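**Q** Show me the folded form of this:
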Amino acid sequence: MPEIKLGHPNDGIPHHFLYDGVAGSLKLLLHLGGNTVTASGMDLVPDGPFLLASTHRGFKDVPALGIAFKDSGRRIQFMAKESLFIGPVGWLLKSCGTLPINRDEPTQEQLDGAFSVL
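**A** As a prediction, the model looks like this:
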C-alpha cells in the first residue's frame, strides 16, 4: 500500500499516529453507543489518490468515513470549514491533518493545500 500523506506536506508531523488513535477511539465510542460502522463498495475505490465528496447529515457521518477507510487500510484527508479550527477542536482537526477551507471564498493557499495531497 502506498504511503498516504496527511496534513500539509511541508510540516513533517506524522499525523497518522493521532488519526489512527482518534479513529479507533471514535469507533469504540460509536460501538458503546450501539452504533456500528460498515462499509460496502470499498472495492470500487480506486488505488492511489482520489477525491471523495460526501454529504453528512450529522456528527457521526464524518468519523464513520474515517473509520471505514482506516478499517480498509487507508486514511483519508479531510477538509473542514475553517470556523471549526479554534480551541481544542481546532487543535485536534489540525493534528489529524484536516485542512481548513473557507467554503464561500477559498483562498489560493487553501486550494493548493487540497490539491497537494492528490
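**Q** show me where this structure has strands.
**A** Here the chain has its strands, by DSSP state E, at 79-81, 99-101.
**Q** Of the ones you listed, which is nearest residue 111?
**A** strand 99-101 (8.3 Å; Cβ to Cβ). For the C-beta atoms, the positions are set from N, CA and C on the backbone; glycine is no exception.
**Q** so what secondary structure elements neighbour that closest one?
**A** Applying 3 or more Cβ pairs under 8 Å, 6 or more residues apart in numbering; DSSP states H and E, we find strand 99-101 packed against strand 79-81, helix 108-116.
**Q** before we move on, the earlier item: so which of the strands of the chain is the most packed in?
**A** Among the strands of the chain, strand 99-101 has the highest mean neighbour count (mean count of other Cβ atoms under 10 Å), at a mean of 19.
**Q** quick one on the thing from earlier: a markdown table please, covering the strands of the chain and showing mean pLDDT.
**A** Output for the strands of the chain, formatted as a markdown table (pLDDT from 0 to 100):
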| stretch | mean pLDDT |
| --- | --- |
| strand 79-81 | 90 |
| strand 99-101 | 91 |
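**Q** what's the nearest residue to the residue nearest to the spatial centre of the chain if we skip its chain neighbours?
**A** Nearest to the mean C-alpha position of the chain, by Cα atoms, centre = their mean, lies residue 78 at 3.4 Å. Among residues not flanking residue 78 along the chain, residue 98 sits closest, at 4.5 Å (Cβ to Cβ, 6 or more residues apart in numbering).
**Q** From residue 32, how far off is that neighbour?
**A** Distance, residue 98 to residue 32, using Cβ to Cβ, to the nearest Å: 24 Å.
**Q** Likewise for residue 72?
**A** 22 Å.
**Q** More neighbours: these two, which one.
**A** residue 72 (12 against 8; other Cβ atoms under 10 Å).
**Q** burial of the nearest residue to that one once chain neighbours are set aside, as a residue count?
**A** Spatial nearest neighbour of residue 72, chain neighbours left out: residue 42 (4.8 Å); criterion: Cβ to Cβ, 6+ apart. When neighbours are counted by other Cβ under 10 Å, residue 42 registers 12.
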